[in-house]
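next come a sequence and a model predicted from it.
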Amino acid sequence: MREMISMIVVLTVLTAVSGGLLAAVKSGTEVRIENQVLKFQKAPAIQDIFPEATNDPLAERFTVKTDDIELQIFPSLLSDGSKAIAFETKGSAFGGPIGLMVGINLSTDEIIDVRVTTHAETPGIGSRAKDDLSFVSQFSGLSMDTNFALKGDGGVIDAMSGATVTSKGVSVAAAQAKEIYQKLKPEIVKQMK
Amino acid sequence: MAQSLAKEFTKGLWAEIPPFRLVLGLCPVLAVTKSVENGIGMGVATTFVLVFSNLLISLLRNVIPSKVRIACFIVIIATFVTIVELVMQAYTYELFLKLGIFIPLIVVNCIVLGRAEAFASKNGPVLSVADGLGIGLGFTLSLAALGAVREFIGNGTLTIWEGLPVFEMGGNFLPFQFMIEAPGAFVGLGLMLCLMNLIGKK
């Protein structure tokens, strides 16, 4: 009995202390990590999506808030003068959340390009979603009304062979972007002036 | 005391150097040694976890009930690994991207758990830190050495830190790319094991 209590006490104290310590480290590094992600993940993705932007989407980023969502928007002026935005959504894939940066042309409601940002997919398998552009390039030019589900689920997106779960995560992120876009477009346009 | 301290420290550098003598922790050894830089980064991260988990486990060795010791060790090790992961994300994001999944996998690295079980849970804190430092340094050196061989043959360069090539082969050098792919890791490791056995044989 005594032994059992000591086991329970030791494990409880240990995990509690560990949780507290990790929470402290997490909150101490949070701002820096966010900046690093912005610099190394979002910036290259935005650069890829808007190669000919005539403004600086990173510097002009703003946040749109509604009741339940807070979204960071990267506005861009395309070379033909039309306005576009990019924002990031998350889907859930094989190794955890997978981030997708979606660039949308505001006047045509068409996707310009999408890029995978943060992910924890298996190197060489799921990570192809980021490294091999042939998968994400399927999204370019699609209208925001498209059903972004995989072909097997009645949509239009071809899954990567051997990485169905990752493909599904990306398609869920795109579907989420569609939902957010339809809901927030008036608000975004208003804030872009 | 000083003598045994030195002994615990130096055994990790040759007599029990982890990947070559104990042939432990091969998953990161094979996977991340594409370059010297990756090898050193992985080695330093593992050393940090080893030293601190050894210290803490040795301090708590009389408190932890033996029936749940493995669970306690894993909690302690996982805490330090998560700290390393967060700190790397905050300060060396590019290296973190290259090492990727192998940083969280330090939790299940059998070198770390092996040292906790075989050494730190039976010895005092000072000796345990010396042991962790020695094994960690040995691990870092082996990763760097294997990384150097693979990077040199497979890519024709030697890089200690991002954008700081120490050595670069001329334009006529055709890299033997096989060495930086997965099979090259096995071949490289095998050749280094063979070399170490040859030297140690006498």
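Now that the structure is in, tell me what you want to look at. Numbers count the residues shown, from 1 in each chain, chains lettered A, B, ... in the order given.

count the neighbours of residue B:75 for me.
17 (other CB atoms under 10 Å in any protein chain shown). From N, CA and C alone the C-beta is placed, and that goes for glycine too.

residue contacts, it?
Applying CB atoms under 8 Å, 6 or more residues apart in numbering or on different chains, we find residue B:75 in contact with A:11, A:14-15, A:18.

now do residue A:75
Taking CB under 8 Å, 6+ apart, one finds A:55, A:57, A:60-62, A:83-85, A:192 in contact with residue A:75.

residue B:138 and residue B:113, how far apart?
To residue B:113, residue B:138 is 17 Å away according to CB to CB, to the nearest Å.

and chain A, which residues reach chain B?
A:3, A:6-7, A:10-11, A:14-15, A:18, A:21-22, A:25-26, A:29, A:32-33, A:36-37, A:39-40, A:95, A:120, A:122-123 (CB under 8 Å from any CB of the partner chain).

tell me the phi and psi of residue A:110?
phi -110, psi 150 (degrees, to the nearest 10).

quickly list what it is bridged to.
Applying DSSP bridges to residue A:110 gives these bridge partners: residue A:105, residue A:143.

quick check: mean pLDDT of the helix or strand hosting residue A:172?
In the assignment (DSSP states H and E), residue A:172 maps to helix A:164-192. Average pLDDT, helix A:164-192: 89.

which parts of it are buried?
A:165-178, A:180-181, A:184, A:188 (16 or more other CB atoms under 10 Å in any protein chain shown).

ditto for stretch B:183-201
Here stretch B:183-201 shows B:184-185, B:188-189, B:192 as buried, counting by 16+ other CB under 10 Å.

what segments of chain A are strands?
A:62-65, A:70-77, A:83-93, A:96-105, A:110-116 (DSSP state E).

so can I have CSV of the ones you listed showing distance to residue A:148 and mean pLDDT?
Output for the strands of chain A, formatted as CSV (distance: least, CB to CB, whole Å; pLDDT from 0 to 100):
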stretch, distance to residue A:148, mean pLDDT
strand A:62-65, 21, 84
strand A:70-77, 18, 86
strand A:83-93, 10, 90
strand A:96-105, 10, 91
strand A:110-116, 9, 91
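
can you list these in a markdown table and add distance to residue B:78?
Shown next, in a markdown table, are the strands of chain A (distance: least, CB to CB, whole Å):
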| stretch | distance to residue B:78 |
| --- | --- |
| strand A:62-65 | 34 |
| strand A:70-77 | 31 |
| strand A:83-93 | 22 |
| strand A:96-105 | 16 |
| strand A:110-116 | 27 |
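
of all these, which one comes closest to residue B:92?
Evaluated over the strands of chain A, closeness to residue B:92 peaks at strand A:96-105, with 20.1 Å, by CB to CB.

so what's the gap between the closest one and the chain middle?
From the chain centre to the centre of strand A:96-105 is a distance of 4 Å (CA atoms, centre = their mean, to the nearest Å).

what angle do it and strand A:83-93 make?
160 degrees (axes from the mean of the first three to the mean of the last three CA atoms, to 10 degrees).

could you give the angle of strand A:96-105 to strand A:70-77?
Using the same axes, to 10 degrees: strand A:96-105 against strand A:70-77 is 40 degrees.

report how many residues lie close to residue B:13.
14.

part of a helix, is it?
No - when classified by DSSP: H, G, I helix; E, B strand; the rest coil, residue B:13 is found to be coil rather than part of a helix.

so who does it touch?
B:134, B:137-138, B:141.

what about it, distance to chain A?
31 Å (CB to the nearest CB, to the nearest Å).

torsion angles phi and psi at that residue?
According to degrees, to the nearest 10, residue B:13 has phi -90, psi -20.

mind pulling the model confidence for it?
82.

ok, back up a step: name the nearest of the contacts of residue A:75 relative to residue B:8.
Taking CB to CB as the measure, residue B:8 lies nearest residue A:61 of those, at 52.9 Å.

next one: that closest one from chain B, what distance?
19 Å.

not counting its neighbours along the chain, what's nearest that residue?
Nearest residue to residue A:61, sequence neighbours excluded (CB to CB, 6 or more residues apart in numbering or on different chains): residue A:74, at 5.0 Å.

try residue A:151
The nearest residue in space to residue A:151 (CB to CB, 6+ apart) is residue A:158, at 5.9 Å.

check the burial of the one you found by counting its neighbours.
13.

what sits against residue 43?
All of this refers to chain A. residue A:58.

my bad, the chain I had in mind was chain B
Residue B:43 touches B:136, B:139-144, counting by CB under 8 Å, 6+ apart.

what's the neighbour count on the nearest residue to residue B:67 once chain neighbours are set aside?
Of all residues not flanking residue B:67 in the chain, residue A:7 sits nearest, at 6.2 Å (CB to CB, 6+ apart). Residue A:7 has 18 neighbours, counted by other CB under 10 Å.

against residue B:62, how distant is residue A:7?
The value you get for residue A:7 to residue B:62, if CB to CB is used, is 14 Å.

do the same with residue B:161
Counting by CB to CB - residue B:161 and residue B:62 are separated by 42 Å.

least confident secondary structure element in chain B?
strand B:164-168 (a mean of 72; mean pLDDT, DSSP states H and E).

chain center to the next helix or strand after it: distance?
Beyond strand B:164-168 on the C-terminal side, the first helix or strand identified by DSSP H and E is helix B:182-201. On the basis of CA atoms, centre = their mean, helix B:182-201 sits 17 Å off its chain's mean C-alpha point.

go on, stretch B:29-44?
8 Å.

for it, C-alpha coordinates in PDB please.
Only the C-alpha atoms of stretch B:29-44 are listed here, as PDB (Å, rounded to 0.1, in the frame of the first residue of the first chain):
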ATOM      1  CA  VAL B  29      23.300   8.200 -36.800                       C
ATOM      2  CA  LEU B  30      22.100   6.900 -40.100                       C
ATOM      3  CA  ALA B  31      19.500   9.500 -40.800                       C
ATOM      4  CA  VAL B  32      21.000  12.900 -40.000                       C
ATOM      5  CA  THR B  33      24.700  12.500 -40.900                       C
ATOM      6  CA  LYS B  34      24.300  13.900 -44.400                       C
ATOM      7  CA  SER B  35      26.600  16.700 -43.400                       C
ATOM      8  CA  VAL B  36      28.900  17.700 -40.600                       C
ATOM      9  CA  GLU B  37      26.600  20.500 -39.500                       C
ATOM     10  CA  ASN B  38      23.600  18.200 -39.100                       C
ATOM     11  CA  GLY B  39      25.700  15.700 -37.200                       C
ATOM     12  CA  ILE B  40      27.000  18.400 -34.800                       C
ATOM     13  CA  GLY B  41      23.500  19.900 -34.200                       C
ATOM     14  CA  MET B  42      22.100  16.500 -33.500                       C
ATOM     15  CA  GLY B  43      25.000  15.600 -31.200                       C
ATOM     16  CA  VAL B  44      24.800  18.800 -29.200                       C
END
